[in-house]
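S.K.: Fold the following and give me the result.
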Amino acid sequence: MKLPLSLQKLVNQTHQQQQTLVLVTGVFDLLHQEHRHFLQKAKAAGDALIVGLESDQRVRQLKGPGRPINTAKVRQQNLAALEIADAVFVLPAAFNKAEQHQQLIQQLKPQVLAVSAHTPNLAQKRQILARFGGRVVVVHQHNPQISTTKLINSAAT
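M.R.: A predicted model of the protein is given here:
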């Protein structure tokens, strides 16, 4: 996977300064308070926070037709505007296999993969992170009352 130069510089600088690099991945389509809380907790888990956004194609695979509401570019701009993450980048369209996840972790070598309590495939993610000296940390408990899907459904009614 080819990382943006600015992201590679941030990763290298964080490792050189022996700081804790935190990685978060997700869709972040319609930003809401739970996203903000999750990102703030993820940021508090280390020194630098990078966010990998699922591509538009991948979001359609995960969430179905009509999603994402916002393009990857808009989602990236919205996350950057929160000024919580140190870098936000878009993951490859083909990012659904363990080998692809492993390649990303090998390139970034984050000490922490911050997740919420409802994140799927935790055991697999823990194995991949451990292979490269990192760990998975649940930083946020899932609030089932607030989600992008619920926001979309309530707007449609």
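S.K.: what ranges of the chain fall below the confidence cut-off?
M.R.: 143-157 (pLDDT under 70).
S.K.: Nearest spatial neighbour of the residue positioned nearest the centre of it, chain-adjacent residues omitted?
M.R.: Nearest residue to the geometric centre of the chain (Cα atoms, centre = their mean): residue 25, 1.6 Å. Among residues not flanking residue 25 along the chain, residue 52 sits closest, at 4.2 Å (Cβ to Cβ, 6 or more residues apart in numbering). The way it works is simple: take the backbone N, C-alpha and C, and place the C-beta from them, glycine included.
S.K.: residues near residue 21, how many?
M.R.: 21 (other Cβ atoms under 10 Å).
S.K.: In the sheet, which residues pair with it? Tell me.
M.R.: residue 48 (DSSP bridges).
S.K.: Spit out the contact partners of it.
M.R.: 11, 14-15, 46-48, 50, 108-112 (Cβ atoms under 8 Å, 6 or more residues apart in numbering).
S.K.: Which ones among those map onto strands?
M.R.: 48, 50, 112 (DSSP state E).
S.K.: ok, how many other residues are close to the second one?
M.R.: By that I understand residue 50. When neighbours are defined as other Cβ under 10 Å, residue 50 has 23 of them.
S.K.: who touches the closest residue to it other than its chain neighbours in this structure?
M.R.: With sequence-adjacent residues excluded and distances taken as Cβ to Cβ, 6+ apart, residue 50 is closest to residue 87, at 4.6 Å. Neighbour list for residue 87: 4, 6-7, 10, 48-51 [criterion: Cβ under 8 Å, 6+ apart].
S.K.: same thing with residue 129?
M.R.: So residue 129 contacts 105, 110, 113, 135-136 (Cβ under 8 Å, 6+ apart).
S.K.: Confirm it sits in a helix?
M.R.: Yes: checked against DSSP: H, G, I helix; E, B strand; the rest coil, residue 129 lies within a helix.
S.K.: Helices along the protein, start to end?
M.R.: 5-16, 33-44, 56-63, 72-82, 98-108, 122-131, 148-156 (DSSP state H).
S.K.: Pretty sure residue 112 is one of the things residue 24 touches, is it not?
M.R.: No: in this structure, residue 24 is not within contact of residue 112 by Cβ atoms under 8 Å, at 9.3 Å.
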